[in-house]
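> just to be clear, the model below is a prediction. Sequence and coordinates:
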Amino acid sequence: MEDNLLLQINNISVVYSDVIQVLKGVSLEVKKGQIVSLLGSNGAGKTTTLKAISGLLKPENGKVTEGSIIYQGRPIHNSAPEEITRLGIIQVHEGRQPFKYLTVEENLRVGTATRWGKPYKKDLELVYHYFQPLVARKNRLAGYCSGGELQMLVMGRALMAQPKLLLLDEPSLGLAPFLVREIFEIIKRINEEQGTTIMLVEQNANMALQIAHYGYVMENGKIVMEDEAVKLRENPDVKEFYLGTATSGALKSYKDVKAYKRRKRWL
Amino acid sequence: MEFFFQLMVQGLSVGFLYALAALGFVMIFKSSSVLNFAHGELLAIGAFIFLVFSVRLNLPIPIAFIFTLAGTFALGFIIERLFLRPLIGEALIEVIMLTVGLAAMFKGLLLVIFGGNLFNYPDFLPKGLTIQWGAVVIQPVYVASFIIGIIFLSVFGFFFKYSSQGIYMRSVADNQPAALSLGVHVRRVFALSWAIASLVCALSGIILGIMNGINVHDISVMGLKVFPVVILGGLESIGGAIIGGLIIGLLETFTGGYVSTSLKEVIPFVVLVFILLVKPYGLFGLVEIERV
Amino acid sequence: MRKLRFHPCGNYKESYEEELSIFTTDFGRLWTGIGLILLFVVIPAISNPYLLYVINHIGIAAIAAIGLNILIGYTGQISLGHGAFFGVGAYGAAILSTAVGFPFWLSVIGAGVITALVGMVFGIPSARLKHLYLTIATLAGQFILQYLFVSWESLTGGPMGIMLPRATLLGFDVKGDRSFYYVIFVCFVIMTWIAVNLMRTRYGRAFIAIRDNDRAAEGMGIPIFRYKLLSFAISSFYAGFAGGLAAFYIGSITPEPYTLMLSIEYIAMIIIGGLGSIPGSVFGAIFITSLNEILSHTTQFFMNIGVLTKVALTIAPLREFIFGLAIVLFIIFEPRGLAEVWRIIKSSFKLWPFSY
């Protein structure tokens, strides 16, 4: 196995409640120090993939039934979330889930749960360094913070755990465009400065592919396309369906027909 | 006027007792949002375990005390493991009903083992603790309970506010999935909160027993009195539990002293309904933050 | 004539009315008919007075349990005050029939109405409170009512209680277990029929919507406070009605039985029977009442054997223990109660030998 491989997912199937199959043989690889983005429409199974990695399927009655997830050479599928987080995999849930009744700083301190008892002052400073606006909100209840602040809070909270692999689920959800830019800027900086490997699930394919090194496209519980992010950005299919930047105008041209055929090819 | 002061002192002592009893309740609620209807029975179990160690086995008081605390700590773990662990993630009503069932179970068990009689601890508190202030006399029990209470209340207040483990416990009560995703050991938090709560209950139970003697029925009624106290103070607030306890204690004693003794028992509940209508989250409770 | 249907082999409903119908097959109708014949012809003919006495208590408990299930199982509002509501019904019936001089049937219905009003008073906090807090409010209601039973002596007779006049209905004397049996079970059938049908109306659906997600229900235009209050009223009406029947059946009332323990017994009934299931409430009533009888008989049995009298005295509190245990075991192992067990048995018969 290559040395710089951090996470390897081999052909996993995930079934909820013993009946509903969501992932049908997903394989992907994450290299150390990279940002890998996972694109796809709603219900494609992106979030489920993340949960399969972080072990959070179990509370939702989901299970990895086939295949394996290898992290740093050891299988982690169907391990308890407590163990997986202690290996350095931290997931940031979609839709910003703060601890509403804890102050911002207390929220950040929960992030130290995986290494309870160790000093955490430095990490706090680091988080405040990346997420400046949080400093002013330090002692405010998280329930009363704005959406942008909350996104920073939940990401900062995850950063407190000193993750090796950070799983981000739709960090841009419901944020103003300039905030999205800022958040992605920070993600990129964290990756470059801290060397944190990041797996990014996004609807905003444009932003995601700008900062990612590698990208996967999911559809209906399967990976349908994968490539370097730069190449994906140039791929006509991705352009058409995810970036929305395909050459417009010339409506009833032959090109559209071709695009339609292309779609048929991988559904 | 003397009568008034005597009542006042008595009321404050009773109130303090309520506050102490409420503490374990607030602990469980803070960390797992479970409304524990078996609270009175936990108090009684603590009191009886101490009785067994100190009177039946005739151990020295400090050793009996430490054994009791250790025993109830373990008991809390066991209760959580056996009964509450299978229900993690189930609906609230089922968890509440489970504690109602546990209450009936424990009470029946205690009655089978010890019967419904009144028991007393040997008199072990030093007489020097008595405080005399004019005609008003404060019994050593009350002084001792006050000291122990203050120590424990501040320890737990500090624990929840500043210690990492305390913050983890609050985070679990707040948002379980998020806590799980950050690696908080949720099951351990639940077990720990039940263990600590059961320990605190034992402590309050022992003090109760010293004051009024130990009787299964009386102590389990005490567990229900906790509700007005915590509602008045706000379910999540330890400070609120203290103030709530004092207010309810005073109210009860004054009603008993000036109005009628039978009304005394029910007045906390009348106040409770009134509070719920006017200020549903209590004096210091957290207002539910609902964002859609 | 329309085609008779016996076994549904899947969901073939074609209209909304079909979806709402009580009996999905004519088999169901047949069984109901057989059940009614059993209930009104066979059981009274073969039972001895003691058995009838137990069955009567089951019937009364079942009416109250159905009411409580409407509140807890269907609307999702937990009440710990139903023991006291039952007591309000008993006192209501006693006072109406003695002080006001109402006849039997009017007293019992009046008792239901009074209890419904009282229940609504304690339901008012539900305007602002949810789950936990509301539960505590009803707990307070339990204690306040219990206090009133004992202390409002001019009205309730204090600890002495009230003697009720003999019940007469349509000129007949209702006395003895057998005649009460018919009265109780006619009431039971009517009340069950009302409850089952209520759940098919907009009111029933609103209740369920509130239970499942009150905010969403409010968003869909259901005035939740009004419906919660209505649910409290209906549920208390059932409890009060049952209480009134019980008061007449027993003949005299005292404040002792209507404690928190009774409330817990009723909750145990619907949890063991099955939350949100009308047949479940009946199963639960049968289970708890029989358990009660069996336990008190066992104690009695030991009591009569001279050597074991002491044992009997110590195991008397075991009743409470077994109660608690039953609740705990059901919640952990079969949270949907006996109704679910029944469904599993039925479907395994239906599907045999090809389960799945």
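That came through, no problem.
> pull the contacting residues for C:Leu245.
C:60, C:63, C:93, C:108, C:183-184, C:187 (C-beta atoms under 8 Å, 6 or more residues apart in numbering or on different chains). To be clear about C-beta, it is placed using only N, CA and C from the backbone, and glycine gets the same treatment.
> could you do B:Pro60 as well?
For B:Pro60, no residue meets the contact criterion (C-beta under 8 Å, 6+ apart).
> ok, it to B:Phe73 distance?
For B:Pro60, the distance to B:Phe73 equals 20 Å [C-beta to C-beta, to the nearest Å].
> got the residues of chain A near chain B?
A:54, A:56, A:59, A:81-82, A:85-86, A:90-93, A:97-102, A:106-107, A:109-114, A:116-117, A:141, A:143-144, A:154, A:157-158, A:161 (C-beta under 8 Å from any C-beta of the partner chain).
> one more time with 7 Å
Proximity of chain A to chain B, by C-beta under 7 Å from any C-beta of the partner chain, involves residues A:54, A:56, A:59, A:81-82, A:85-86, A:90-91, A:93, A:97, A:99-102, A:106, A:109-114, A:116, A:143, A:157-158, A:161.
> what is the burial count for the residue nearest to A:Trp116 when sequence neighbours are not counted?
Excluding the flanking residues, the one nearest A:Trp116 by C-beta to C-beta, 6 or more residues apart in numbering or on different chains is B:Ser164, at 5.9 Å. Residues near B:Ser164, counting by other C-beta atoms under 10 Å in any protein chain shown, number 16.
> ok, now the one 4 residues further on?
As a burial measure, the neighbour count of B:Tyr168 was computed by other C-beta under 10 Å and equals 24.
> part of a helix, is it?
Yes: counting by DSSP: H, G, I helix; E, B strand; the rest coil, B:Tyr168 is located in a helix.
> excluding chain neighbours, what is closest to the residue nearest the centre of chain C?
In chain C, the centroid-proximal residue (C-alpha atoms, centre = their mean) is C:Ala65; its distance is 1.7 Å. In space, and not counting its chain neighbours, C:Ala65 is closest to C:Ser281: 4.0 Å by C-beta to C-beta, 6+ apart.
> list the residues that contact the one you found.
C:62, C:65-66, C:69, C:269-270, C:273 (C-beta atoms under 7 Å, 6 or more residues apart in numbering or on different chains).
> secondary structure element for it?
Using DSSP states H and E, C:Ser281 maps to helix C:278-304.
> and for A:Val64?
Taking DSSP H and E as the definition, A:Val64 sits inside strand A:62-71.
> so whatever helix or strand the residue nearest to the centre of chain C lives in versus helix C:278-304, what angle?
If you go by DSSP H and E, C:Ala65 is part of helix C:49-69. Helix C:49-69 and helix C:278-304 meet at an angle of 140 degrees, taking axes from the mean of the first three to the mean of the last three C-alpha atoms, to 10 degrees as the criterion.
> so for helix C:49-69, what's the average pLDDT?
Regarding helix C:49-69, the rounded mean pLDDT is 89.
> pull the CA atoms of it into PDB?
Output of helix C:49-69 as PDB, limited to C-alpha atoms (Å, rounded to 0.1, in the frame of the first residue of the first chain):
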ATOM      1  CA  PRO C  49     -70.300 -13.700  41.000                       C
ATOM      2  CA  TYR C  50     -66.600 -13.400  42.000                       C
ATOM      3  CA  LEU C  51     -65.500 -13.600  38.400                       C
ATOM      4  CA  LEU C  52     -68.200 -11.100  37.400                       C
ATOM      5  CA  TYR C  53     -66.900  -8.800  40.100                       C
ATOM      6  CA  VAL C  54     -63.400  -8.900  38.600                       C
ATOM      7  CA  ILE C  55     -64.700  -8.500  35.100                       C
ATOM      8  CA  ASN C  56     -66.700  -5.500  36.100                       C
ATOM      9  CA  HIS C  57     -63.600  -3.900  37.500                       C
ATOM     10  CA  ILE C  58     -61.800  -4.700  34.300                       C
ATOM     11  CA  GLY C  59     -64.600  -3.000  32.300                       C
ATOM     12  CA  ILE C  60     -64.400   0.200  34.500                       C
ATOM     13  CA  ALA C  61     -60.700   0.300  34.300                       C
ATOM     14  CA  ALA C  62     -60.800  -0.200  30.500                       C
ATOM     15  CA  ILE C  63     -63.000   2.800  30.100                       C
ATOM     16  CA  ALA C  64     -60.600   5.000  32.100                       C
ATOM     17  CA  ALA C  65     -57.600   3.500  30.300                       C
ATOM     18  CA  ILE C  66     -59.100   4.200  26.900                       C
ATOM     19  CA  GLY C  67     -59.500   7.800  28.000                       C
ATOM     20  CA  LEU C  68     -56.000   8.000  29.200                       C
ATOM     21  CA  ASN C  69     -54.700   6.500  26.000                       C
END
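> re the thing from before, phi and psi next, for the residue nearest to A:Trp116.
With angles defined as degrees, to the nearest 10, B:Ser164 sits at phi -60, psi -50.
> so where do the helices sit in the stretch 101-250 of chain B?
With helices called from DSSP state H, counting those that start in this stretch, the stretch 101-250 of chain B shows them at B:140-162, B:164-174, B:176-181, B:186-212, B:216-233, B:238-254.
> next one: chain A
Assigned by DSSP state H, the helices in chain A fall at A:46-54, A:81-86, A:104-110, A:121-130, A:133-137, A:147-159, A:177-194, A:205-211, A:229-234, A:236-238, A:254-265.
> where are the low-confidence patches of the stretch 151-292 of chain B?
The model of the stretch 151-292 of chain B has pLDDT under 70 over residues B:280-292.
> point me to the residue of it nearest chain A.
Residue nearest to chain A within the stretch 151-292 of chain B: B:Gly183 (2.9 Å; C-beta to the nearest C-beta).
> thought that residue was touching A:Ala80?
No: counting by C-beta atoms under 7 Å, B:Gly183 does not reach A:Ala80; the two are 10.2 Å apart.
> so which of the two has more stuff around it?
B:Gly183 (31 against 14).
> please tell me how far the nearest residue to that one once chain neighbours are set aside sits from chain C.
Spatial nearest neighbour of B:Gly183, chain neighbours left out: A:Thr85 (2.9 Å); criterion: C-beta to C-beta, 6+ apart. Taking C-beta to the nearest C-beta, to the nearest Å as the criterion, A:Thr85 is separated from chain C by 29 Å.
> re earlier: ok, then the element right after the helix holding C:Ala65?
Reading on from helix C:49-69 to the C-terminus, the next helix or strand found by DSSP H and E is helix C:82-95.
> what is the mean pLDDT for that following helix?
90.
> tell me the buried residues in the helix or strand following it?
Sequence-wise, the next helix or strand downstream of helix C:82-95 (DSSP H and E) is helix C:104-123. Buried residues in helix C:104-123, defined by neighbour count with 16 or more other C-beta atoms under 10 Å in any protein chain shown: C:104-105, C:107-116, C:118-120, C:122-123.
> now the helix or strand just after helix C:104-123 against helix C:82-95, angle please.
Where DSSP H and E defines the elements, the next helix or strand beyond helix C:104-123 is helix C:131-151. Counting by the same axes, to 10 degrees, helix C:131-151 lies at 30 degrees to helix C:82-95.
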